[in-house]
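After the sequence you'll find the predicted model.
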Amino acid sequence: MTATLAATRPSFVPAPFRPSDLPRALPNRLDSLTSLRFFAAFAVFAHHFSGHGKGTGYGTAPLIFPYSMIGGHGVTFFFVLSGFLLTWVFKPQEHPLAFYWRRIGRIWPASLVAAVLGVYAYYIAAHHAIDWPSLISSLFLVQTWFPGVTPNLPGNEVTWTLSVELLFYALFPLAARIAVRLRTRTLALLTGLGLVGMWAVNWWAAATFSSPAEGWIMRNPLIYLPQFLLGMTVALAVRRGWRLPMRPIVPVLLLGLYVYGYYQGRARLSDAVVGQLDYMVRPTIALLSMLIIVAFVQREINGHRGILNNKALILLGAWSYGFYLLHHSVSRLATYAWGRAGDDNSVLFDLLGVGLVVTAMSWALFHFVEEPAAKWLNRKMPQRLRRKVGVPPTPEETMTAGVPAPR
């Protein structure tokens with residue numbers, strides 16, 4: 001029966017995606033991962049709100065500082081998650097330009113609207129001059145490709161991660177078609193080598209270049225491709241039947257222990273060891289993110305529902321892109337308006353208050369910009385891009401394109 005199905009199926013459909021290869025139907029929608037997006041975005045917000053110490057940020061609460069600084073690596077979770085989700089729902093027959101069309105429709109309109117607030121917060125209210133080439137590069141989300149941008153994070157500062165995502169989006173249609181034809185062990189080996197490469201490049205950059213140059217190297221989109229590949233590899237492995245017997249609480253606790261040890265160890269270990277901890281933090285957080293994703297995905301595949309399947313958390317996850325785009329600008333403007341709140345635990349009330357304001361704004365950005373723009377652009381997608389790759393156009397489609405249908 002399997003041989004018959006394979007013989008009647010187009011040869012360009014990769015084997016891992018053939019229904020006959022799957023023991024049971026796998027869900028396309030994974031609500032727990034949508035909810036996790038909000039926690040990752042809030043972690044980044046807590047990092048920016050609390051700052052790096054020494055009078056930075058809106059205010060520093062000893063209850064969460066310095067652990068809140070690891071929140072900046074919440075973007076690593078987003079990178080791994082992007083690789084996982086795009087591969088999870090990958091359609092081999094989809095036209096690559098259709099994929100690009102939808103991705104642009106989803107990320108760019110909201111980014112442009114949020115850039116208005118970002119320019120006001122980072123330039124006008126801060127009384128900083130605008131370097132127009134740098135600002136324009138940020139509007140088109142290519143700012144991390146240029147070492148001479150001013151400042152290092154031009155435009156809406158947080159969109160440097162979208163510049164990283166953009167490279168992955170550009171490569172994904174080709175990369176996915178290659179990945180689905182590779183053995184899982186091969187993909188795992190390539191992913192492992194890539195993560196080791198991240199550690200090696202960070203060590204090399206820190207030892208070789210000045211701090212600004214090192215910062216640019218470690219924001220370059222090429223550096224983060226192994227994290228996306230990790231997500232792709234795990235998505236394919238799970239679709240192919242690989243399972244990791246582990247409850248979600250286990251990787252969550254591992255993440256907590258790692259963060260605690262990371263900052264406690266810095267005061268007790270030698271500078272050389274601390275340096276290695278810093279060079280390894282991106283690959284380590286990526287692996288922990290992978291474990292969290294796998295644990296919750298397996299739970300959802302098995303039909304179990306938990307707190308992350310709560311409707312309120314799913315909605316917060318849906319708004320998390322807007323939350324991420326807006327949070328730093330709002331936090332910066334609050335600091336300009338009221339000054340730093342101080343360095344005691346009462347700052348946590350300010351954090352929650354600003355977080356509620358950003359949540360309301362992200363709801364508005366989602367409902368009035370992100371979702372309507374994505375739907376409108378999807379309706380405007382040319383019909384030729386909607387066709388499956390390798391399937392000839394129908395006579396009606398040919399006539400619509402203004403070319404006489406063949407007789």
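On my side now, so go ahead.

all contacts plus neighbour counts: C-alpha atoms, from now on.
Will do.

Surely Leu377 and Gly105 touch.
Yes. Counting by CA atoms under 8 Å, Leu377 touches Gly105, with 5.9 Å between them.

okay, these two: which has more neighbours?
Neighbours around Leu377 and Gly105, counted as other CA atoms under 10 Å, are more numerous at Gly105. The numbers are 20 against 15.

For the more buried one, which non-adjacent residue is spatially closest?
Ala374 (4.6 Å; CA to CA, 6 or more residues apart in numbering).

In contact with that neighbour, which residues are there?
The neighbours of Ala374, taking CA atoms under 8 Å, 6 or more residues apart in numbering as the test, are 102, 105-106.

what do you get for Val330?
Applying CA under 8 Å, 6+ apart, the residues near Val330 are 121, 354, 358.

Identify those among the residues you listed that sit within strands.
The members of these all map outside strands under DSSP state E.

would TSV of the residues you listed with pLDDT, neighbour count and distance to Thr87 be doable?
Formatted as TSV, the entries for these read as follows, by pLDDT from 0 to 100; neighbours: other CA atoms under 10 Å; distance: CA to CA, whole Å:
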residue	pLDDT	neighbour count	distance to Thr87
Ala121	95	23	36
Val354	95	18	35
Val358	97	23	30
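
Reformat the residues you listed as TSV; add distance to Arg177.
Shown next, in TSV, are these (distance: CA to CA, whole Å):
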residue	distance to Arg177
Ala121	42
Val354	43
Val358	39
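
Closest to Leu333 out of the residues you listed?
Relative to Leu333, the closest of those is Ala121; by CA to CA it sits at 5.9 Å.

my read: that closest one touches Ser329, true?
Yes. Under the criterion of CA under 8 Å, Ala121 is in contact with Ser329, at a separation of 5.6 Å.

low-confidence ranges in the protein?
1-24, 389-407 (pLDDT under 70).

re the thing from before, any chance of the contacts of Ala374 in TSV, with distance to Ala114 and secondary structure too?
Below are the contacts of Ala374 laid out as TSV (distance: CA to CA, whole Å; DSSP: H, G, I helix; E, B strand; the rest coil):
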residue	distance to Ala114	secondary structure
Arg102	19	helix
Gly105	15	helix
Arg106	13	helix
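
hang on, the earlier thing: quick check on the residue nearest to Gly105: phi, psi?
For Ala374, the backbone dihedrals (degrees, to the nearest 10) come out as phi -60, psi -40.

distance of it from Trp108?
Distance of Ala374 to Trp108, given as CA to CA, to the nearest Å: 9 Å.

name the element Ile136 belongs to?
Secondary-structure element containing Ile136, defined by DSSP states H and E: helix 132-139.

Check the offset of the very next helix or strand once past that helix from the chain's centre.
For helix 132-139, the succeeding helix or strand toward the C-terminus, using DSSP H and E, is helix 160-179. Taking the mean of its C-alpha atoms, helix 160-179 sits 11 Å from the chain's own mean (CA atoms, centre = their mean, to the nearest Å).

Which strands and helices lie in contact with whichever helix in the chain runs longest?
Longest helix in the chain by number of residues, with DSSP state H as the criterion: helix 271-301. Of the remaining helices and strands, those touching helix 271-301 by 3 or more CA pairs under 8 Å, 6 or more residues apart in numbering; DSSP states H and E are helix 31-50, helix 74-88, helix 184-208, helix 225-239, helix 249-266.
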